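Engineer: A structural model of the following input is requested.
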Amino acid sequence: MTELASLAQVVSRTETSLREGHPVSAQTWPTGFVPLDGQLGGGLRVGELVLLGGPQGSGKTTWAVQAARNVARAGGRVVYFSFEHEQLSFLERVVAQASFEAEGLEAPTTRRLRDRLQRAGRSGGVDGLRGLLQGLPGAEQALKDLEELGDRFFVHESSGRTTTTAVIRDVLSAIPPGPPPLVIVDYLQKVPGDREDEAEVVEQLKDLALEKQVVVLAVVAADKAGITPGHRLRIHELRGSSSLAYEPDVVLILNEKYDAVARHHLVYGVGAAERFREWVVLSIEKNRGGTDRIDLEFHKQFAHARFDPEGQLVAEQLADERVHVDQ
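Structural biologist: Here you go, the predicted model:
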């Protein structure tokens, strides 16, 4: 990476790239979540650090895996550092998502797929993955999806004791040459560092995004105050230091819609309040490259390890509209 250049040199290099048909701006990978990509100028930009926070159970990993699959399907690559889930769980999620896209609610759920895997192990096996999925709605689409993604979706079973940012850097150096990958760290607070807080880790991940020219998406847990039932989590309640607000280029926060809407929507619309439980609110709380303080909502389809990617802007008033972000 060039450290110093005159404006004349920048102009010259840009002119050369344009004439040769090379891209002159950072590559962008769409997440597949339609309204979010529109707000982010096309998706996640190479060289940036993105944080995805939310209370436990809000669907952070589900969202991250779905976005990862969408990036890989668009021709990109993904390296997923998983500190909490074994590699086989990613196979279940990808199969469930692909099957749902082909067959809708008739597709097998992740629970059904897991049951089949367990039974196959106890009964002495089946004729490979095709035999395992035989008879399930959407099986052919799922197998096709796995074949297409096979060499572009990498999963690293990470350890909270040994998988430091240095290890993450070494793993990225070892993958075959190709497009700059989306690097997912799930989750940030599990990455071991020399200091007691997360400041060092988030700074190193930001440096890694710039140095390797990759997108780094780090899943972030909430602090104790941010996991109170009925409370809308905000950026200042992510577990860690102020670096979690300062260092990243984009901060996304997931909340249950039932917890995020203003109280009067719950008091005066009981029927609507129950429907809120079927949705999450994804808030763009920080976006250095564009607009922020945007609240989008997506329908949960957790049985099939996904959200409806179409989504929409939130129409209702949300609780605690004030956003605490240090730009």
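Engineer: after the least confident helix or strand in the chain by mean pLDDT, which helix or strand is next? Please name it.
Structural biologist: Ranked by mean pLDDT, DSSP states H and E, the weakest helix or strand in the chain is helix 263-267, scoring a mean of 67. Following the chain from helix 263-267 toward its C-terminal end, the next helix or strand by DSSP states H and E is helix 270-276.
Engineer: that next one: which residues count as buried?
Structural biologist: residue 276 (16 or more other CB atoms under 10 Å). Quick note: C-beta positions are derived from backbone N, CA and C, even for glycine.
Engineer: so for that helix, mean pLDDT?
Structural biologist: Average pLDDT, helix 270-276: 76.
Engineer: centre of the chain to it, how far?
Structural biologist: Here helix 270-276 is found 27 Å from its chain centre; the criterion is CA atoms, centre = their mean, to the nearest Å.
Engineer: in the longest helix anywhere in the chain, what counts as buried?
Structural biologist: With secondary structure taken from DSSP state H, the chain has its longest helix at helix 87-103. Using 16+ other CB under 10 Å as the test for burial, helix 87-103 gives 89-103.
Engineer: tell me what that helix is packed against?
Structural biologist: Contact here means 3 or more CB pairs under 8 Å, 6 or more residues apart in numbering; DSSP states H and E; on that basis helix 87-103 packs against helix 60-73, helix 110-122, helix 139-149, strand 153-157, strand 306-307.
Engineer: right, so of these, which gets closest to residue 79?
Structural biologist: Closest to residue 79 of the helices and strands packed on helix 87-103, according to CB to CB: strand 153-157, at 4.7 Å.
Engineer: tell me the angle that closest one makes with helix 60-73.
Structural biologist: 140 degrees (axes from the mean of the first three to the mean of the last three CA atoms, to 10 degrees).
Engineer: and strand 153-157, which residues are buried?
Structural biologist: 153, 154, 155, 156.
Engineer: residue 220 is in contact with residue 52, correct?
Structural biologist: Yes. Using CB atoms under 8 Å, residue 52 is in contact with residue 220, at 6.6 Å.
Engineer: show me where the stretch 101-250 of the chain has helices.
Structural biologist: Listed in chain order, the helices of the stretch 101-250 of the chain (DSSP state H, counting those that start in this stretch) span 110-122, 128-133, 139-149, 165-174, 199-212, 243-246.
Engineer: including mean pLDDT and distance to residue 311, could the ones you listed go into JSON lines?
Structural biologist: Listed next are the helices of the stretch 101-250 of the chain as JSON lines, based on pLDDT from 0 to 100; distance: least, CB to CB, whole Å:
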{"stretch": "helix 110-122", "mean pLDDT": "84", "distance to residue 311": "21"}
{"stretch": "helix 128-133", "mean pLDDT": "85", "distance to residue 311": "29"}
{"stretch": "helix 139-149", "mean pLDDT": "91", "distance to residue 311": "22"}
{"stretch": "helix 165-174", "mean pLDDT": "94", "distance to residue 311": "30"}
{"stretch": "helix 199-212", "mean pLDDT": "91", "distance to residue 311": "26"}
{"stretch": "helix 243-246", "mean pLDDT": "78", "distance to residue 311": "25"}
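Engineer: what's residue 71 in contact with, if anything?
Structural biologist: Listed by CB atoms under 8 Å, 6 or more residues apart in numbering, the contact partners of residue 71 are 29, 30, 31, 32, 44, 77, 78, 182.
Engineer: quick one on the thing from earlier: relative to residue 233, which of the buried residues of helix 87-103 is nearest.
Structural biologist: Distance to residue 233, by CB to CB, is smallest for residue 93 among the buried residues of helix 87-103, at 23.6 Å.
Engineer: who's in contact with the closest one?
Structural biologist: Residue 93 makes contacts with 62, 65, 110, 305, as judged by CB under 8 Å, 6+ apart.
Engineer: if we can go back for a sec, among the contacts of residue 71, the buried ones, what's the PyMOL command?
Structural biologist: Paste this into PyMOL to select the buried members of those, with burial taken from 16+ other CB under 10 Å:
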select buried, resi 29+30+31+32+44+77+78+182
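Engineer: how about the contacts made by the spatially most central residue of the chain?
Structural biologist: For the chain, the residue nearest the mean C-alpha position is residue 64 (2.6 Å; CA atoms, centre = their mean). Going by CB under 8 Å, 6+ apart, residue 64 touches 52, 80, 184, 186, 217, 219.
Engineer: what's the farthest-apart pair in those residues?
Structural biologist: Checked with CB to CB, those reach their widest spread between 52 and 80, with 12.9 Å between them.
Engineer: looking at these two, which is more packed in?
Structural biologist: Between residue 52 and residue 80, residue 52 has the larger neighbour count (other CB atoms under 10 Å), namely 27 against 24.
Engineer: thinking again about what came up before, which one of the contacts of residue 64 is nearest to residue 236?
Structural biologist: Out of the contacts of residue 64, the member with the shortest distance to residue 236 (by CB to CB) is residue 52, at 15.9 Å.
Engineer: can you tell me who that closest one pairs with across the strands?
Structural biologist: residue 219, residue 252 (DSSP bridges).
Engineer: gap between it and residue 293?
Structural biologist: 17 Å (CB to CB, to the nearest Å).
Engineer: also residue 107?
Structural biologist: Computed as CB to CB, the residue 107 to residue 293 distance reads 36 Å.
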